[in-house]
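Enquirer: Predicted structure and sequence below. I'll ask about it afterward.
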Protein chains: 2
Amino acid sequence: MTPSANALLQADDSADTGTQQIRDAIRDAIVERRLAPGTKLSEADVGNLFNVSRTLARAALQALSYEGLVSVEKNRGAFVAYPSPDEAKQIFAARRLVEPGILREAAARITPSQIQHLRQLLQEEGRLISERGQTARRAEIKASGDFHLTLASISGNAIMQRFMEELVARSSLVIALYGQSAVSSCGHSEHGDIVTAIEAGDLDRACHLMVHHISHIEADLDLRERKSFGLKEAFSI
Amino acid sequence: MTPSANALLQADDSADTGTQQIRDAIRDAIVERRLAPGTKLSEADVGNLFNVSRTLARAALQALSYEGLVSVEKNRGAFVAYPSPDEAKQIFAARRLVEPGILREAAARITPSQIQHLRQLLQEEGRLISERGQTARRAEIKASGDFHLTLASISGNAIMQRFMEELVARSSLVIALYGQSAVSSCGHSEHGDIVTAIEAGDLDRACHLMVHHISHIEADLDLRERKSFGLKEAFSI
DNA sequence: ACGCAGTATATCGTATACAATTTGATCGCC
DNA sequence: GGCGATCAAATTGTATACGATATACTGCGT
């Protein structure tokens, strides 16, 4: 038999037993912005927090570094990633590049029940926007990304789906760093417009809306080169 | 100062000191098809081979599993990935989805010297095709992928570049498994056509050629569902 | 001879231990 | 008082050790 024949079926076996949940927990914390960019994540601390040894903590941090959410610096440790403005631009450029294609794929195979599901997500998202409080804010962040991830999931391509998960997560980091208007809700109505266009079968319009939607998110950032002030000018000015 | 300010500049610090070269060595071996799909990669063997402990061997294998080149099965070990036909289709679908966009980006910023470099790659590729022997074959495989990777590099988007590296590497695995015509050279002239189209400024044509090129590679595969023969029928037939 | 049970071995999962490097502090000196 | 060197603490890099799990073998019974 092929050695990894069944491995592809069970989706949750890809990593060590205990590492996965640590990785997920930290990722959630980063994406929901409970962990600020630049925060140090020492192996010992992470291990103690989850009651595991440094071995597993380290593995989780390494895994997150492959996703671009954590940056590990040799002999210095791991930190919540601090994407540069240039990196931020690349993330959104990547999204503009792939999301229209994903959208087309998704639209081609979408079922009525999946459209229903999307509308449901949108409604939930709208509800969260009207609510107040930190937890609602966090849930809103996640819901906003879930719209894009659901489309990727509908597209049926697991590889693109994983890639989108990475891009959405990293987008959250970028918004946390460079976002201006605390109101991230501006994109909500655009989500609805996209679904409407899909339903109407107007794919070109849907893609067009998607690209603009992504650009709108990016436009709401302040990506001017804060040249980290050579530290000399930081006080000379 | 931002904690990871300089980390983004030095490109080679992303992982542990010793893990990186092991990872690269194994990846090269897989991509060049010296390691067949399904081959077991025990942690102890890998460690001994590179004179490091299981700790580093394991880290390298984990890293490769994130790239999709190695599949680790819990309590069973790591194997060179054995992509299913469905997975293979997704890989090529992903390439059709992203490569036209990358091509457009690349064409927009390409310089004459970079075109020169591409032509040089093509020439080298052609030379390898005419040569005989295993080493030439391996070099040809790498050269064929390098064309696509160089384009990604020219596009200037590091994220898409990394994604393409993953896709090209996995493509090599798929071709090793399902390729029919030993002659992978069929795609060579298409590379040249694409460069010509770029030079002529005909982006639409270049993208069109790229999509067809990818489809041609895929068409040369035999992706029929070999249902891994339950082992009963394997001999009853 | 075939199948099954139990054991034996090999390999992985995780924790701990030790070496190397960095960071921050203390002390002396200018 | 400010500046530099040396040393101590903390943290990471790597190796080893031990427990758990799966696979292979052996011997028994039918």
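Expert: It's in. Small disclaimer: the values here were computed from a predicted structure and weren't measured.

Enquirer: Okay, and the nearest residue to residue A:94 once chain neighbours are set aside sits in which element?
Expert: Of all residues not flanking residue A:94 in the chain, residue B:159 sits nearest, at 4.8 Å (C-beta to C-beta, 6 or more residues apart in numbering or on different chains). Any C-beta I mention is one placed from the backbone N, CA and C, and that applies to glycine too. Counting by DSSP states H and E, the element that carries residue B:159 is helix B:158-178.

Enquirer: Which elements pack onto that helix?
Expert: Judged by 3 or more C-beta pairs under 8 Å, 6 or more residues apart in numbering or on different chains; DSSP states H and E, helix B:158-178 is in contact with helix A:85-109, helix A:158-178, helix B:17-31, helix B:85-109, helix B:134-155.

Enquirer: residues of that helix that come out buried?
Expert: Within helix B:158-178, the residues scored as buried using 16 or more other C-beta atoms under 10 Å in any protein chain shown are B:158-161, B:163-178.

Enquirer: Measure how it sits relative to helix A:85-109, angle-wise.
Expert: Calculated by axes from the mean of the first three to the mean of the last three C-alpha atoms, to 10 degrees, helix B:158-178 forms an angle of 50 degrees with helix A:85-109.

Enquirer: Would you mind naming what in chain A lies close to DNA strand C?
Expert: Applying C-beta under 7 Å from any atom of the strand, we find that chain A lies next to DNA strand C at A:16-19, A:51-56, A:75-76.

Enquirer: Alpha carbons of whichever strand or helix holds residue A:196, as PDB, please.
Expert: Using DSSP H and E, the element containing residue A:196 is helix A:188-199. Taking Å, rounded to 0.1, in the frame of the first residue of the first chain, the C-alpha atoms of helix A:188-199 are listed here in PDB:
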ATOM      1  CA  HIS A 188     -18.900  44.700   5.600                       C
ATOM      2  CA  SER A 189     -21.300  46.000   3.000                       C
ATOM      3  CA  GLU A 190     -18.800  45.100   0.300                       C
ATOM      4  CA  HIS A 191     -18.900  41.500   1.400                       C
ATOM      5  CA  GLY A 192     -22.600  41.500   0.800                       C
ATOM      6  CA  ASP A 193     -22.300  43.100  -2.600                       C
ATOM      7  CA  ILE A 194     -19.900  40.400  -3.600                       C
ATOM      8  CA  VAL A 195     -22.300  37.600  -2.600                       C
ATOM      9  CA  THR A 196     -25.100  39.400  -4.500                       C
ATOM     10  CA  ALA A 197     -22.900  39.500  -7.600                       C
ATOM     11  CA  ILE A 198     -22.100  35.800  -7.200                       C
ATOM     12  CA  GLU A 199     -25.800  35.000  -6.900                       C
END
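
Enquirer: quick one: low-confidence parts of chain A?
Expert: When residues are selected by pLDDT under 70, those of chain A lie in A:1-16, A:182-186, A:226-237.

Enquirer: In it, which residue is most central in space?
Expert: In chain A, the residue lying closest to the centroid (C-alpha atoms, centre = their mean) is residue A:169, at 1.8 Å.

Enquirer: Chain neighbours aside, what residue packs nearest to that residue?
Expert: Residue A:169's closest residue in space is residue A:31 (C-beta to C-beta, 6+ apart), at 5.1 Å.

Enquirer: Isn't the one you found up against residue A:139?
Expert: No: counting by C-beta atoms under 8 Å, residue A:31 does not reach residue A:139; the two are 11.5 Å apart.

Enquirer: the more surrounded of the two?
Expert: Shown here are residue A:31 and residue A:139; by other C-beta atoms under 10 Å in any protein chain shown, residue A:31 has more neighbours (22 against 18).

Enquirer: residues contacting the more buried one?
Expert: Residue A:31 is in contact with A:69, A:141-142, A:145, A:169, A:172-173, counting by C-beta atoms under 8 Å, 6 or more residues apart in numbering or on different chains.

Enquirer: what's the spacing between it and DNA strand C?
Expert: For residue A:31, the distance to DNA strand C (C-beta to the nearest atom of the strand, to the nearest Å) stands at 24 Å.

Enquirer: what's the next secondary structure element after the helix holding residue A:196?
Expert: In the C-terminal direction, the helix or strand that comes right after helix A:188-199 (DSSP H and E) is helix A:203-219.

Enquirer: just checking, what packs against that following helix?
Expert: helix A:85-109, helix A:188-199.

Enquirer: helices or strands up against the last one?
Expert: Contact analysis of helix A:188-199 by 3+ C-beta pairs under 8 Å, 6+ apart lists helix A:85-109, helix A:112-130, helix A:134-155, helix A:203-219 as its packing neighbours.

Enquirer: That's all I had, so thanks and see you.
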